[in-house]
Structure formats: C-alpha cells, structure tokens
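Engineer: show me how the following folds:
(one chain, ligands or ions: 1)
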Amino acid sequence: DSSGFDLYTLSEEHQMLRESIRALAEAKIAPHAAAVDEEARFPQEALDALVAADMHAVHVPEEYGGNGADAVAAAIIVEEVARACASSSLIPAVNKLGSMPVILSGSEDLKRRYLTPLAQGRAMFSYCLSEPDAGSDAAGMKTRAVRDGDTWVLNGVKRWITNAGVSEYYTVMAVTDPDARSKGISAFVVEKSDEGVSFGAPEKKLGIKGSPTREVYFDNVRIPADRIIGEEGTGFATAMKTLDHTRITIGAQAIGIAQGALDYARGYVAERRQFGRPIGDFQGVQFMLADMAMKLEAARQLTYAAAARSERAHRGQKGQDLTFFGAAAKCFASDVAMEITTDAVQLLGGYGYTRDYPLERMMRDAKITQIYEGTNQIQRIVMARNLPQG
Ligand code: CAA
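Structural biologist: Numbers count the residues shown, from 1 in each chain. As a prediction, this is how the structure comes out:
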C-alpha cells in the first residue's frame, strides 16, 4: 500500500493476531494474575499457554525456527498479555530484549545455537546490562571479560535482571578494554548452566511481582571464545541498538496495563450507584474517562508508529529516527499508563485501593514502565540527543 494510510491503522493480520492473543490472555493468563501478584510467583501457566500457542518469542526469524513476526506483531502480543497480567507480559518482552543482541550482531552459529531453543520454547533469554553501581550510566559497568586462549573469563555482578534464574540464556555486557569506556565493552552469551554463574535472592518489588528480578553473579565463568556477540568492543553499541527496538515493547506493555485499567474502571462506573444513579452519569467521571481514553490512544499510536519504524529499520530502511521514537514511545506510554492507572484507582474510590479489585495491582505494575529499560529521565536525554529531522 503506497498511500501511507497503512501507517495509521493495523493490518487485518495484526487485528486477527490481537483477537487471538486477547482470547488466550483472557482465558489462560488473566485468571491467575491476582494470585501471581499476591504470591509473587512466576506465572508458569502463562509461559505454558504462550509456548503452546507459539506466542512466547514471535520475533525470532524463520531461519531459526521462529515466526519471523514483525515488530508491530511483537508489540501487540506484549500489549494484550499486559492488559491481563503485566508480570506475564515480561515473558515475550524479555525474550525479545535478551535475544535482540544476538539477532542484531551475533554470528550465524550463535543465532542457530541460541535462537532455535528460544523459538521452540525450550529456553528463555535475559539481558544483563545494569550493575549495582551502573544503572543510568550503563557504560560505567565493572563486569570484566578477559581473553584467555580460546576462552573468555567473566567476573562481576549484574543487577535488576528480569527473569533471572528462570532464563537459560543471558546476554551479558562486560568490559574487555578498561581504558576505552563504551568502546571497551563487549557482549557475550552466557548460559545458566555455565560453571560460576549464580543468582541472588529475588528482589521484593512494588509491582511485576510474578517476574523474578535477581542479581546475577559471574565468578570466573569460562566460556568459549565464540560466545562473543559481534566484534570485540561493539557490545555497548549493540546494547543501545537493542534498546532502540525494545523500549517500544515497554511502551506496548504500558498501554496494555492502561487498557486493562480503563476497561475495568469503565465497567465499574456503569454499575456503581451513588446519589441515585450510576456514577458514570456524572460529567466529572465522564471527563476523567475521556481524558484517560484520549491519552491512551495517543500513546498507542506513538507506540505502533515506533514499532513500524523498528521493523523498517530492521529491514534496512534508513532515516527511521528509531532512537528518538523508541525512547519517545516508552517515555510517553509509561507516563500515560501511570496517570491512567492512578485515575482508574480514583474512579473506584476506596474499592480501588484494596486488593479485592485489580486496579491497585495495575497501578503498581505501571510504575516500573517509567523506570526500566532506562528511566524516563534517561529517555529525555536520549530524545534530546536524537531529535528527528521533522
Ligand atoms: N545506537 C547505536 N549506537 C549507540 C546508540 C544507539 N542508540 N546509543 C549510543 N551509541 C553509541 C554511540 O554512538 C557512542 O559511540 P560514538 O562515541 O562512536 O558516537 C557510544 O555508544 C557511547 O554513547 P554515548 O556517548 O551516548 O554514551 P553515554 O555514556 O553518554 O550513555 C546513555 C548514553 C543514553 C545515557 C546510556 O548509558 C543509556 O541508555 N542509559 C540507560 C541504560 C538503560 O536503558 N538501562 C536499562 C537496562 S535494561 C533493563 O531495564 C533490563 C530489564 O531486565 C527490563
């Protein structure tokens, strides 16, 4: 379609995908969301259902046994799972985050070895960039990788690693030349079963409690030299390029959480009666819903536009301003999700504040989207450095 209108609506395939993943999420994932949060346990039911439906890592190219789904499709899956359960949406989201460095920069052999089990649902992937003293300043990392003959030896600590312990595979950014700052960082694939890999206790978090977040320790982890992703010294650029694509997934997650909250609040105000009528009859409530829906739609359009740019950039089209759009989609959608979920709690009043209703969970889950894959303050730095041409 050369008209350009295809940019502003979803294709029939994408709409059908949304219907099927929504049905799956409602039937198999939503019923466990409250318990997963309450018990802070991994949503195994969600993983099983996503793997059975082949929706756990749709972004893996067909050559490696995946669906080769585009970035808009991957975003829709995360969005619809997040609408039911944010913790569960981190399964497809982090599978993409963790494997994207291999897809973008890995050797053919690495792709075959690590993407195939991911596509088959036999292994999950995590992404190890942050450290206790290197969060926003990712290039200030200390984890070291030293070449020793045909091997690399890794030592250090990574923190805030989503799905750590559950994932089989980890992309790990580590310093290979301490004098070169970001140019002295390289990326590697490390397996959970590699000797010297261990995990900290799960963090006790405000939200996304079903998705384990742990430290990962590397104690003289010796891996074959061919586990390096791309050339030595390119790991930081690969990590940043990855985030350009995957911050869009966080935007999708944010709009999914917000949609779940809006849907619930909308149903509630139609039923809840005060002063002799449903509270949804009051204009003050209507204006709140209107603002929530308006902001959500703006966030969704920006996120899909960014996802389309991610796909075009991935196919080699120049001029996509992906760094700006990835940051903008994540930043805007997550701020909007925080506003919408907070307003949704407000619409339920005291009930919204209790764990008998899902909205306080959605509000707690929304908060992380303003923090991970780069705080929204970092997103503004990234945007300011990469303003689009207009
Ligand atoms: N694409 C390609 N290359 C890039 C790039 C991009 N988007 N961004 C930076 N680079 C390259 C630059 O070109 C630069 O190389 P040159 O000097 O040759 O130009 C090099 O990398 C260093 O870049 P900067 O000088 O911009 O680096 P900086 O130290 O100023 O940091 C930053 C930039 C944007 C602040 C970066 O540190 C950053 O994004 N910080 C936030 C980290 C983050 O998002 N962490 C999230 C962790 S993932 C997560 O949350 C895990 C989870 O489990 C959910």
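Engineer: and F125, what are its bridge partners?
Structural biologist: Applying DSSP bridges to F125 gives these bridge partners: Y169.
Engineer: ok, it - contacts?
Structural biologist: By Cβ atoms under 8 Å, 6 or more residues apart in numbering, the residues touching F125 are 57, 94-95, 97-99, 114, 118, 167-171. Heads up, the C-betas are built off the backbone N, CA and C, glycines and all.
Engineer: columns secondary structure and neighbour count on top of these, output as JSON lines?
Structural biologist: Shown next, in JSON lines, are these (DSSP: H, G, I helix; E, B strand; the rest coil; neighbours: other Cβ atoms under 10 Å):
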{"residue": "A57", "secondary structure": "coil", "neighbour count": "28"}
{"residue": "V94", "secondary structure": "helix", "neighbour count": "26"}
{"residue": "N95", "secondary structure": "helix", "neighbour count": "29"}
{"residue": "L97", "secondary structure": "helix", "neighbour count": "26"}
{"residue": "G98", "secondary structure": "helix", "neighbour count": "28"}
{"residue": "S99", "secondary structure": "helix", "neighbour count": "31"}
{"residue": "Y114", "secondary structure": "helix", "neighbour count": "26"}
{"residue": "L118", "secondary structure": "helix", "neighbour count": "26"}
{"residue": "S167", "secondary structure": "coil", "neighbour count": "24"}
{"residue": "E168", "secondary structure": "coil", "neighbour count": "15"}
{"residue": "Y169", "secondary structure": "strand", "neighbour count": "23"}
{"residue": "Y170", "secondary structure": "strand", "neighbour count": "24"}
{"residue": "T171", "secondary structure": "strand", "neighbour count": "27"}
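Engineer: distance of the residue nearest to E131 when sequence neighbours are not counted relative to V175?
Structural biologist: The spatially closest residue to E131, leaving aside those adjacent along the chain, is M141, at 5.2 Å (Cβ to Cβ, 6 or more residues apart in numbering). Here the criterion is Cβ to Cβ, to the nearest Å. By it, M141 lies 6 Å from V175.
Engineer: SS state for the residue nearest to Q370 when sequence neighbours are not counted?
Structural biologist: Distances taken as Cβ to Cβ, 6+ apart place S334 nearest to Q370, at 4.5 Å, with adjacent residues excluded. Three-state call for S334 (DSSP: H, G, I helix; E, B strand; the rest coil): helix.
Engineer: repeat that for K158.
Structural biologist: For K158, the assignment made with three-state DSSP gives strand.
Engineer: neighbours around the residue lying closest to it once chain neighbours are set aside, how many?
Structural biologist: Among residues not flanking K158 along the chain, C128 sits closest, at 4.0 Å (Cβ to Cβ, 6+ apart). By the criterion of other Cβ atoms under 10 Å, C128 has 29 neighbours.
Engineer: looking at C128 now. What's its pLDDT?
Structural biologist: On the pLDDT scale, C128 is placed at 98.
Engineer: does it touch Y170 like I think?
Structural biologist: Yes: counting by Cβ atoms under 8 Å, Y170 is a contact partner of C128 at 5.2 Å.
Engineer: quick check: neighbours shared by the two?
Structural biologist: Counting by Cβ under 8 Å, 6+ apart, the residues touching both C128 and Y170 are 161, 190, 216.
Engineer: turn those residues into CSV, columns for secondary structure.
Structural biologist: Shown next, in CSV, are the shared contacts of C128 and Y170 (three-state DSSP):
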residue, secondary structure
I161, strand
V190, strand
V216, strand
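Engineer: now tabulate those residues in a markdown table and tack on neighbour count and distance to the ligand.
Structural biologist: Below are the shared contacts of C128 and Y170 laid out as a markdown table (neighbours: other Cβ atoms under 10 Å; distance: Cβ to the nearest ligand atom, whole Å):
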| residue | neighbour count | distance to the ligand |
| --- | --- | --- |
| I161 | 25 | 6 |
| V190 | 24 | 15 |
| V216 | 25 | 11 |
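Engineer: just the buried residues of the longest helix belonging to the chain, please?
Structural biologist: Secondary structure of the chain per DSSP state H: the longest helix is helix 235-271. Using 16 or more other Cβ atoms under 10 Å as the test for burial, helix 235-271 gives 235-262, 264-266, 268-269.
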